[in-house]
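Visitor: With the sequence up front, the predicted model follows.
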Amino acid sequence: MSDTFSKQEQEVIYRLIRARRDIRHFASDPVPEDALQRILEAAHYAPSVGFMQPWNFILITSQEIKQKIKASFEETNREQLQVLSEDERKELYRKLKLEGIMEAPINIAVTCDRNRDAPFVLGRSPMPETDLYSTCLAIQNMWLAARAEGIGIGWVSLINQQEVKQILRLPAGVELVAYLCIGYPTQFPKKPMLEELGWKSRLPLKTLVYENQWGQLKTF
Ligand SMILES: Cc1cc2c(cc1C)N(C[C@H](O)[C@H](O)[C@H](O)COP(=O)(O)O)c1[nH]c(=O)[nH]c(=O)c1N2
C-alpha cells in the first residue's frame, strides 16, 4: 500500500466529509453485517489518548429497549420545548424531526470506559476529558465510514443520560457518549436539516480563524 494519496483519493475524502449528514429518516432495509463490521473497525482505528481505546459499542435491535429510549427522547424533547421562549423558534422546533430511534434497524450506544487502563493513562491526567474526546473521534470515523457505505447515522443527545445508562445497565465508570441510529437513509440531504429549515446557518470559516491575533506573528 502506497503511503501517499493520489489527487483523486484526496478528492474522495473531502467529498465524503462534505456529504456526511445527520440522518433522522430511515428505510427499513437491514444493515448488512459486513458493512457494520467495517464501520465498527473504522471507529476502532480512531486516535485515543495514551492509545487507551476507551470505547465500546452496544448494538441495540430490541424493540423493547428502543421503545424505552424513545420514551426518554420524548420526555426530554418536551422539556426542551418548554425552555424555548420565542414563539417563532418554538414553532420551528416543534416541526423538527430529531431522531429515528424506532425506524432505524440498529441503534448503537457508544460508551467510554473511564477506568480502562486506570490509574495511569498516558496524557490523560492533565486533561481528564480526553478519553471522552477520543470516543467522539471514533464516532466521527463511524459516521464517515457509514456515509461511504451509503449508510446513515443520526446522533440522539435529546435523552436523559442517567435514565439511558440505567436502561442499558452500564456499569459504574462507563459513560454514555452517544446514542446513534443507524440504517439506510431515505436520502442524504445536501445541507444540514437545521440549515435547510432556517434554524441556523454554517458560519464562514474566515470568521473563525484569528490571524495574527498577537500582532507580532507574521504567519502561522
Ligand atoms: C454531539 C452531537 C449531538 C447531536 C447531534 C450532533 C452532535 C455532534 N445532532 C446532529 C446535529 O444537529 C447535526 O450534526 C448538525 O445540525 C449539522 O448537520 P449535519 O450533521 O452536517 O447533517 C443531533 N441531531 C438530532 O436530530 N438530534 C440530536 O439529539 C442531535 N444531537
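Guide: The structure has been received and is ready for your questions.
Visitor: Give me the distance between Cys136 and Val49.
Guide: 12 Å (C-beta to C-beta, to the nearest Å). Any C-beta I mention is one placed from the backbone N, CA and C, and that applies to glycine too.
Visitor: higher neighbour count, these two?
Guide: Between Cys136 and Val49, counted using other C-beta atoms under 10 Å, the more crowded position is Val49 (22 against 15).
Visitor: So that one sits against Leu132, correct?
Guide: No. The criterion here is C-beta atoms under 8 Å, and Val49 misses it with Leu132 at 9.5 Å.
Visitor: Partner strands of the longest strand anywhere in the chain, with direction?
Guide: Secondary structure assigned by DSSP state E gives strand 174-183 as the longest strand of the chain. Using DSSP bridges, the strands paired with strand 174-183 are strand 106-113 (antiparallel), strand 152-155 (antiparallel).
Visitor: Ile167 and Ile65 touch, don't they?
Guide: Yes. Using C-beta under 8 Å, Ile167 is in contact with Ile65, at 6.4 Å.
Visitor: The ligand contacts on the chain?
Guide: Of all the residues in the chain, those in contact range of the ligand (C-beta under 6 Å from any ligand atom) are Arg21, Asp22, Arg24, Leu98, Glu99, Trp155, Val156, Ser157, Leu158, Pro192, Leu194.
Visitor: which residue sits closest to the first one, ignoring its sequence neighbours?
Guide: Nearest non-adjacent residue to Arg21, counting by C-beta to C-beta, 6 or more residues apart in numbering: Phe188, 5.2 Å away.
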